[in-house]
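In: Structure for the following, please:
(chains A and B)
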Amino acid sequence: MVGMTTAESFVLAIGTKKGLWLATSPDRRQWSFTGPHFLMSEIPSIGIDTREGRTRIMVGVRSEHWGPTVAHSDDLGATWSEPEQGAVKFPEDTGAALERIWQIYPDAQSRPGVVWAGAEPISVWKSTDGGEHFELNRGLWDHPHRSEWGAGYGGAAAHSIVVHPAGETVHVAMSTGGVYRSLDGGASWEPRNRGISAYFMPDPNPEFGQCVHKIAGDAAVEGRLYAQNHHGVYRTDDNAETWNSIAEGLPADFGFVMLTHPRREGTAWVVPLKADGERIPPDGELAVHRTDDAGSSWTRLSNGLPTGEYNSVLRDAASVDTAEPAGVYFGTRGGTVYASADEGGTFQEVVSHLPDVLCVRAAVVAGA
Amino acid sequence: MPDSAVGDIKVVLPSVLQPLAGGQSVLTAPADGPVTVGKLLDAVTSDFAVLGRRLRDETGALRRFVNVYVGGDEVRRLQGLDTEVAPGQEVLVIQSVAGG
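Out: Predicted coordinates:
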């Protein structure tokens, strides 16, 4: 969806450590909030499905007491539904139990019923009924590398899914394990990490085992993806066969966020943190960095952001919308969410003092 | 809710879970002899699948911070889900003190 008419508005969903907040806005400046939904449950994943004119909000919910589940709402959070038997449920033969949904990813417009999910333990799931029931991807679950995949601090999870709009290519990133690619719609998977460093391993250039924090696809260039690694920012132009550093020009190569423009070639955003051992904005100065040339150069964006910010921004606590110009949104572990209606040129504080922000998603919707 | 028969086993739910049991605070399972906690939970959640998933994961294991008490003891200190419950006994489901 490009541009905005009077019939369109914006939805912003904020998943936190203790619940979900939803906001709507006619102009991306004035926001009306509801919440907390799911109070005292964390919301680590959100998907907003706007395909075929619907507005379905899907959330991964996890209670420390009552476990994980997936719920969805078709009325902007007024009511929520949860399948009786659960949307994501490990088959009995796996002996596994779902810990947390890390990613909910509506597929391309051309596959309107398909929604993907990434989960902990490391697994990828696919729904063909709009996110109500998911099926375990056996190709990845049965992968011979599984026993060697590890857990990052947040848990062992498949946290990034990039499905290419045309064809059958799917990229998944996991911590730790790195990037895996399927060329057959998820039936089989191969690691694709050449060029991505794993400095924390005895062999810093292994076939797999990297701690890739986030990947995102370039909407306009087939085969181009970007990665924010556990130290290292990379781009591939050959469908992940090789990755090359694009960190030059950034104040730090650590961070969790990687966003790409919904349409425009070469545009991506990161939110650098100082280092693995110093997970704060460099010098306490929070800033987003954007490239418009696929990583050859970076522009520091901090208009409207505070000075003296010592909270980090987690991998899914950032999002873009599909308007023109694109909106950029992110939240901190200190519970503040910022929004930009001009691709990061100027940010505005949307809300503050929420619990730790785990996930942010924004969308242009009809009405609301 | 009708009075329980003498041999029934009552499962008392915390208030936060009662909406998942049709608003009931106590679920009752008939028993003509001892049953395990696992079988008891199967019985009382058979009509309330979401409630069942809140208590146990898909492997059948009790969730980490869900405590089930039989005769005043938490079942993890007894025989876990194999702990036997006699007709007429009451079983308490209580969330543990957890979270921040």
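
In: any low-confidence regions in the chain?
Out: Went with chain A since none was named. Applying pLDDT under 70 to chain A flags residues A:1-7, A:368.

In: my question was about chain B
Out: Applying pLDDT under 70 to chain B picks out residues B:1-6, B:98-100.

In: Show me which residues of it are close to chain A?
Out: Within chain B, the positions adjacent to chain A are B:17, B:49-50, B:53-55, B:57-59, B:61, B:63, B:65-66, B:95-96, B:98-99 by Cβ under 8 Å from any Cβ of the partner chain. Where you see a C-beta, it was placed from the backbone N, CA and C, and this is true even at glycine.

In: now do 6 Å
Out: Within chain B, the residues that sit near chain A (Cβ under 6 Å from any Cβ of the partner chain) are B:49, B:53-54, B:57-59, B:63, B:65, B:95, B:98-99.

In: Report the buried members of those.
Out: The neighbour-count test (16 or more other Cβ atoms under 10 Å in any protein chain shown) marks B:53-54, B:57-58, B:63, B:95 as buried among the residues of chain B next to chain A.

In: Stretch A:176-188: which residues count as buried?
Out: Buried residues in stretch A:176-188, counting neighbours by 16+ other Cβ under 10 Å, are found at A:176-182, A:186.

In: out of the buried ones among the residues of chain B next to chain A, which one sits closest to B:Glu74?
Out: Of all these, B:Glu74 sits closest to B:Gln95, with 12.1 Å by Cβ to Cβ.

In: so that closest one touches A:His65, yeah?
Out: Yes: counting by Cβ atoms under 6 Å, A:His65 is a contact partner of B:Gln95 at 4.4 Å.

In: ok, which stretches of the chain are helices?
Out: Going with chain A. A:138-141 (DSSP state H).

In: Sorry, I should have been clearer: chain B.
Out: Under DSSP H, chain B gives helices at B:37-44, B:49-55.

In: Can you give the distance of the last one from its chain's centre?
Out: Per Cα atoms, centre = their mean, to the nearest Å, the displacement of helix B:49-55 from the mean C-alpha position of its chain is 11 Å.

In: Can you give the contact residues for that helix?
Out: A:66, A:84-86, B:20-21, B:45, B:66 (Cβ atoms under 6 Å, 6 or more residues apart in numbering or on different chains).

In: List the ones among those that fall in strands.
Out: If you go by DSSP state E, the contacts of helix B:49-55 have B:Val66 in strands.

In: Out of the contacts of helix B:49-55, which is nearest to A:Met258?
Out: Top of the list for closeness to A:Met258, among these and by Cβ to Cβ, is A:Gly86 at 30.1 Å.

In: What separation do you get for that closest one and A:Ala97?
Out: 11 Å (Cβ to Cβ, to the nearest Å).

In: Neighbour count: the two, which is higher?
Out: Set side by side, A:Gly86 and A:Ala97 show more neighbours around A:Gly86, with 21 against 17, by other Cβ atoms under 10 Å in any protein chain shown.

In: Quick check: chain neighbours aside, which residue is closest to the more buried one?
Out: B:Arg53 (5.6 Å; Cβ to Cβ, 6 or more residues apart in numbering or on different chains).
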